[in-house]
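Enquirer: Here you go, sequence then predicted model.
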Amino acid sequence: MPFRASTRPLSFGVAGAFAIVTLAGSVFPAVAHTIVGNRVFPATLTIDDPGVNDELALPAFAYMPGGLNPDGTRESDAYNLGWEYAKTITPTLGISVGSDGYSWQRNPRAEGWANIETELKYVFYENPEHEFIISGATDVEWGNTGSSSAASLPSDPFTTVTPKIFIGKGFGDLHSDWLRPIAITGEMDYSIPTRSFNALDGSLNPTVLTYGASLQYSLLYANSNVHQMPEVFSKLVPAFEGIFSSPISNTGPSMPGQWVHETTGVVGPSIYYIGQYFEVGVMAQIPVNAASGRHVGAMAVIDFFLDDIAPDTLGKPLFGAPPSRAANF
């Protein structure tokens, strides 16, 4: 469930801080790691990985500093804490529940809880030999399950349904040793609000296309399958990734100080440590335009691998045998 850009028009003073944390925040319920053949696709911070897993992401954190507006006033610093629990039903079908969690900002002070989200995800195709996987999902953000309209940062009072598609490809099947650690992942979402208008402020609720990708160079893969790495690097996966959101329809007219038609997004370098039972990831989020923010922020996550921590109980599918886990840690 990657962070979606806010579907509400934002004033110029808070767009740079709060909107980008809202965009980045949907990564929180999206974290999980997937193993396809010898490839470990880590839980990237901008988009979901392409598999189904038994995992707990807690906590996930995002921060975007505020800057100065053209009128000299200062934007608010924005913070967010999120979580997700993912459970496999079968080796190729999984469910998850999570939330962008708790958000707060300063000057002016505002805070609130995001809505609860659930997701059903299915792996359509998997080729371990070529480290290739395709999956799809349907995510539902349930309206009115977060902070009420009286909160300073209220949750959306409407439900949003989001079909998704995911892809992952490792290049371990290439002949060049220096290319084999490379992998790419991608995600595309189409968010459809169940109401055309937001009852909180009368604004329109647009449909939004969200898309992102990651380019990874897995030192973990290189250490296990190409040549031995120094111990300090042997469990790391450096990456460069990004996520973008574009309003598609029901956006309304442009107004001064609002970003109703702008594509927003962040890009940046990231690095992941993959342990036997958990993953730690950090990323610098660089806004792609003024609508997305003006300063570099940060994201981080700790993801616990329940399929490795408790493989015979909490970490196995409800039905069917656990999937093969050929990759070495």
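Expert: The structure has been received and is ready for your questions. Numbering: from 1, shown residues only.
Enquirer: other SSEs contacting the strand or helix carrying Asp303?
Expert: Secondary structure from DSSP states H and E places Asp303 in strand 297-305. Strand 297-305 sits against helix 20-25, strand 55-64, strand 278-287, with contacts defined as 3 or more CB pairs under 8 Å, 6 or more residues apart in numbering; DSSP states H and E. Backbone N, C-alpha and C define where each C-beta goes, glycine included.
Enquirer: wait, which of the ones you listed is closest to Lys164?
Expert: Each of the helices and strands packed on strand 297-305 was scored for nearness to Lys164 using CB to CB, and the closest is helix 20-25 (16.0 Å).
Enquirer: Would you give the sheet partners of the strand holding Asp303, along with the direction of each?
Expert: Strand 297-305 sits in its sheet next to strand 55-64 (antiparallel), strand 278-287 (antiparallel), going by DSSP bridges.
Enquirer: and these, which is most packed in?
Expert: Each of the strands paired with strand 297-305 was scored by mean neighbour count; the highest is strand 55-64, a mean of 24, by mean count of other CB atoms under 10 Å.
Enquirer: Report the buried residues of whatever helix or strand comes next after that one.
Expert: Next helix or strand after strand 55-64 toward the C-terminus (DSSP H and E): strand 78-90. The neighbour-count check on strand 78-90 (16 or more other CB atoms under 10 Å) flags Ala78, Tyr79, Asn80, Leu81, Gly82, Trp83, Glu84, Tyr85, Ala86, Lys87, Thr88, Ile89 as buried.
Enquirer: returning to that earlier point: out of the helices and strands packed on strand 297-305, which gets nearest to Asn38?
Expert: That would be, of the helices and strands packed on strand 297-305 and by CB to CB, strand 278-287, which comes in at 17.5 Å.
Enquirer: ok, back up a step: give me the buried positions along the strand holding Asp303.
Expert: Neighbour count says strand 297-305 has Gly297, Ala298, Met299, Val301, Ile302, Asp303, Phe304, Phe305 buried, by 16+ other CB under 10 Å.
Enquirer: Can you give me every residue that contacts the residue nearest to the second one when sequence neighbours are not counted?
Expert: The spatially closest residue to Ala298, leaving aside those adjacent along the chain, is Tyr63, at 5.2 Å (CB to CB, 6 or more residues apart in numbering). Neighbour list for Tyr63: Val21, Asp77, Ala78, Tyr79, Asn80, Gly297, Ala298, Met299 [criterion: CB atoms under 8 Å, 6 or more residues apart in numbering].
Enquirer: Just send the residues you listed back as CSV, with distance to Ala290 and pLDDT too.
Expert: Below are the contacts of Tyr63 laid out as CSV (distance: CB to CB, whole Å; pLDDT from 0 to 100):
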residue, distance to Ala290, pLDDT
Val21, 16, 40
Asp77, 17, 88
Ala78, 15, 91
Tyr79, 21, 95
Asn80, 21, 95
Gly297, 15, 95
Ala298, 20, 97
Met299, 20, 97
